[in-house]
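Peer 1: Need a 3D model of the following:
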Amino acid sequence: MFQGFVEERIEGDGATLFLRRAGPDDAPPIVLLHGYPQTSAMWHGVAPILAQGYQVVCPDLRGYGRSDKPKTDSQHQPYSKRSMANDIVAVMRRLGHERFLVGAHDRGARVAHRLGLDHPKRVNAMVLLDIAPTREMYANTSADFAQAYWHWFFLTQPHPLPENMIGADPKGFWKLKCFKQAGGDNPFSDAALAEYLAAFASPDAIHASCEDYRAAAGIDIEHDNEDNGRKLTMPLLTLWAKRGVIANCFDALQLWQQRAEQVQGEAVDTTHYMAEEIPEDIAALMSNFFAQNPIHAEAAE
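Peer 2: Model (predicted):
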């Protein structure tokens, strides 16, 4: 995977992140953010295509993969999407990118949402894969959603309940959750799956990923409420899976119109893991959207 990509660890904002990067030095920068319970390996099909015309940066989020897993606190603040977003801004600045594009999936898309709200002058445009806004998803929870996204409610239980249960069989839990979300199939390459399972075997990774969800159900919603109706200002393309929970339980486009000023959206014929099921199509959709929203030279905040 990722032939020709540099692998390194770069200091973020309280956590050092592992990342993979490649692309022409004079090309526009794009950061790709992965979801739960994965790593930057999820972009192995998309990133090499984008790297033909972009400087592509694929980090492991804090708490995941080979990135740091900071100690938490009672409010789960170190795993808030604000803390995770601040890591991304710091890493991109250290790489020389004051303004950049964002492509993100699942939990990474929730980090991207907060990144766009907190640092609007740094994000030129973003593509978010298979999510609706966190606060609105919780507020519109139905029995169908709770049953399909049972892990949202299980992982938020107080420490150490989910950690102990997952830790008894991390590989079994990973496959149960992810294969079910892919319609019972395995859409992952052998190399990517091996990386996911190895990374998730760590007790620290299991705990950190639970903290990610605990933050989402608490402090992240507090941060959303503190925005007082402030919306994303950069162009947003949201893609959701026709054979997924977002399509079945929510009106994703309508919910994003509540949280963003400029939104386009469409359903694609996949399950949740679209970047690994149809990487060429996802890369093309991203490239076309970003080409319509080129990075300008104005200074970032």
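
Peer 1: any weak-confidence spans in the stretch 101-250 of the chain?
Peer 2: Low-confidence segments of the stretch 101-250 of the chain (pLDDT under 70): none present.

Peer 1: all helices for it, in order.
Peer 2: Remark: helices assigned in the stretch 101-250 of the chain by DSSP state H, counting those that start in this stretch are 107-118, 134-139, 143-148, 150-154, 161-167, 170-181, 190-200, 203-217, 219-226, 245-249.

Peer 1: In terms of pLDDT, where does Ala275 sit?
Peer 2: In this model, Ala275 is scored at 98, pLDDT.

Peer 1: CA atoms only for stretch 160-168, dumped as CSV, please.
Peer 2: Taking C-alpha atoms only, stretch 160-168 is exported to CSV below (Å, rounded to 0.1, in the frame of the first residue of the first chain):
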residue,chain,number,x,y,z
PRO,A,160,-14.1,0.3,31.6
LEU,A,161,-17.2,-1.5,30.5
PRO,A,162,-16.8,-1.3,26.7
GLU,A,163,-13.0,-1.5,27.0
ASN,A,164,-13.1,-4.8,28.9
MET,A,165,-15.7,-6.3,26.6
ILE,A,166,-13.9,-5.3,23.4
GLY,A,167,-10.5,-6.3,24.9
ALA,A,168,-11.7,-9.9,25.4
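
Peer 1: ok, Phe145 - how many residues close by?
Peer 2: 18 (other C-beta atoms under 10 Å). No exception for glycine: its C-beta is placed from N, CA and C like everyone else's.

Peer 1: what's the answer for Gly4, then?
Peer 2: 9.

Peer 1: how near is it to Leu32?
Peer 2: Distance, Gly4 to Leu32, by C-beta to C-beta, to the nearest Å: 16 Å.

Peer 1: what do you get for Ala15?
Peer 2: Ala15 is 18 Å from Leu32, where distance means C-beta to C-beta.

Peer 1: Now for the spatially most central residue of the chain: which residues touch it?
Peer 2: Centroid-nearest residue in the chain, with C-alpha atoms, centre = their mean: Gly108, separated by 1.1 Å. By C-beta atoms under 8 Å, 6 or more residues apart in numbering, Gly108 lies in contact with Leu32, Leu33, His34, Gly35, Leu61.

Peer 1: follow-up on the earlier one: to Met42, which of the helices of the stretch 101-250 of the chain lies closest?
Peer 2: helix 190-200 (6.7 Å; C-beta to C-beta).

Peer 1: Buried residues in that closest one, which are they?
Peer 2: Ala192, Leu193, Glu195, Tyr196, Ala199, Phe200 (16 or more other C-beta atoms under 10 Å).

Peer 1: Just want to check the distance between the second one and Gly65.
Peer 2: Going back to what we said before, that points to Leu193. Leu193 sits 14 Å away from Gly65, going by C-beta to C-beta.

Peer 1: just Met165 next, same as before
Peer 2: From Met165 to Gly65 the distance is 22 Å (C-beta to C-beta).

Peer 1: Of the two, give the one with the bigger neighbour count.
Peer 2: Per other C-beta under 10 Å, whichever of Met165 and Gly65 has more neighbours is Gly65, with 25 against 13.

Peer 1: Surely that one touches Phe18?
Peer 2: Yes. Between Gly65 and Phe18 there is a contact under C-beta atoms under 8 Å: 6.0 Å.

Peer 1: Mind listing the shared neighbours of these two?
Peer 2: Joint contacts of Gly65 and Phe18 (C-beta under 8 Å, 6+ apart) are Ser40.

Peer 1: Contact partners for Ala15?
Peer 2: Here Ala15 is in contact with Arg62, Ser67, Asp68, Lys69, Pro70, Pro78, Ser83, Asp87 (C-beta under 8 Å, 6+ apart).

Peer 1: Just give me the closest of the residues you listed to Thr156.
Peer 2: Thr156 lies nearest to Pro78 out of the contacts of Ala15, by C-beta to C-beta, at 15.8 Å.

Peer 1: Check the closest one and give its pLDDT.
Peer 2: 98.

Peer 1: part of a strand, is it?
Peer 2: No. Membership of Pro78 in a strand is not supported by DSSP: H, G, I helix; E, B strand; the rest coil, which gives helix.

Peer 1: Sounds good, over and out.
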